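[1] Curious how this folds, go ahead:
(2 chains)
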Protein chains: 2
Amino acid sequence: MKDTYYAVIFTSIKASNSTGYAEMAQKMEDLVVQQPGYLGHESAQADIGITISYWTDLASIKKWKEQADHQLAQEHGKTTWYDWYRVRVCEVLRDYVKPNS
Amino acid sequence: MKDTYYAVIFTSIKASNSTGYAEMAQKMEDLVVQQPGYLGHESAQADIGITISYWTDLASIKKWKEQADHQLAQEHGKTTWYDWYRVRVCEVLRDYVKPNS
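    Take a look at the predicted model:
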């Protein structure tokens, strides 16, 4: 991993209509791991959903944002699946880990 | 909110020993909202826990890291409550929101 990398924080509140959501979410998960510059992602759900994906560079994030199937997913997300969401693109400045004990 | 702000991404896997954890977590939640530079936080739990706090500036993040009660909580977290964790300090470069519908 390079010293500098990037995180995309996606926080969301789902709408009541989840038709087609699970299938699309799985498709996006299968696709994103194949994208150039993709480093990994972390996800958890409570009152809000949080998904963070990690990337080597901003150009890779932009390409994934513009990927055709992903565009379609975003469109459905905006109109149907989410009541609210927020996307934050971040540069990771520092990173420290407690190793598995 | 200023144009530039910061996010601290805390991802964690809990250990089996949670003695005193809930009490300390509540205390930290009560304390963090009083810190200068604190903007808000978001939290969700799955196989991993994700908590993201947002801050106006890096100096405020540093002060909170060094706050006495928080130091104690971190020490317990390292030795007792978490099998694993990772802390990433990030600068938020872009931020866009879908408003509540």
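
[2] of all the residues in chain A, which ones are close to chain B?
    Residues of chain A that fall close to chain B, judged by C-beta under 8 Å from any C-beta of the partner chain: A:7, A:9, A:11, A:13, A:15, A:42-50, A:52, A:58, A:78, A:82-101. Yep, even glycine has a C-beta here, placed from its N, CA and C like the rest.

[3] how does it look with 7 Å?
    A:7, A:9, A:11, A:42-46, A:48-50, A:52, A:78, A:82-98, A:100-101 (C-beta under 7 Å from any C-beta of the partner chain).

[4] Give the ChimeraX command for selecting the buried subset of the residues you listed.
    In ChimeraX, selecting the buried portion of the residues of chain A next to chain B, with burial taken from 16 or more other C-beta atoms under 10 Å in any protein chain shown, looks like this:
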select /A:7,9,11,42,43,44,48,49,50,52,82,85,86,87,88,89,90,92,95,98
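
[5] Strand partners (parallel or antiparallel) of the longest strand seen in chain A?
    Counting by DSSP state E, the longest strand found in chain A is strand A:82-98. Applying DSSP bridges to the sheet, strand A:82-98 is found paired with strand A:5-14 (antiparallel), strand B:82-98 (antiparallel).

[6] Which one, of those, ends up nearest to residue B:64?
    strand B:82-98 (11.2 Å; C-beta to C-beta).

[7] Quick check: buried residues in the helix ranked longest in chain A?
    Assignment by DSSP state H gives helix A:21-32 as the longest helix of chain A. For helix A:21-32, the neighbour count (16+ other C-beta under 10 Å) marks A:21, A:24, A:25, A:28, A:32 as buried.

[8] Can you give the contact residues for whatever helix or strand comes next after it?
    Under the assignment DSSP states H and E, the closest C-terminal helix or strand after helix A:21-32 is strand A:38-45. Here strand A:38-45 makes contact (C-beta atoms under 7 Å, 6 or more residues apart in numbering or on different chains) with A:1, A:5, A:32, A:50-56, A:60, B:11, B:44-46, B:48-50.

[9] Could you give the separation of stretch A:62-70 from the chain centroid?
    11 Å (C-alpha atoms, centre = their mean, to the nearest Å).

[10] what mean pLDDT does it have?
    For stretch A:62-70, mean pLDDT rounds to 96.

[11] Quote the end-to-end distance of it.
    Using C-alpha to C-alpha, to the nearest Å, the end-to-end distance of stretch A:62-70 comes to 11 Å.

[12] ok, now stretch A:30-50?
    Using C-alpha to C-alpha, the end-to-end distance of stretch A:30-50 comes out at 18 Å.

[13] For that stretch, give the mean pLDDT please.
    Stretch A:30-50 carries an average pLDDT of 95.

[14] Quick test: name the residue nearest the centre of chain A.
    Closest residue to the average C-alpha location of chain A: residue A:53 at 4.8 Å, with C-alpha atoms, centre = their mean.
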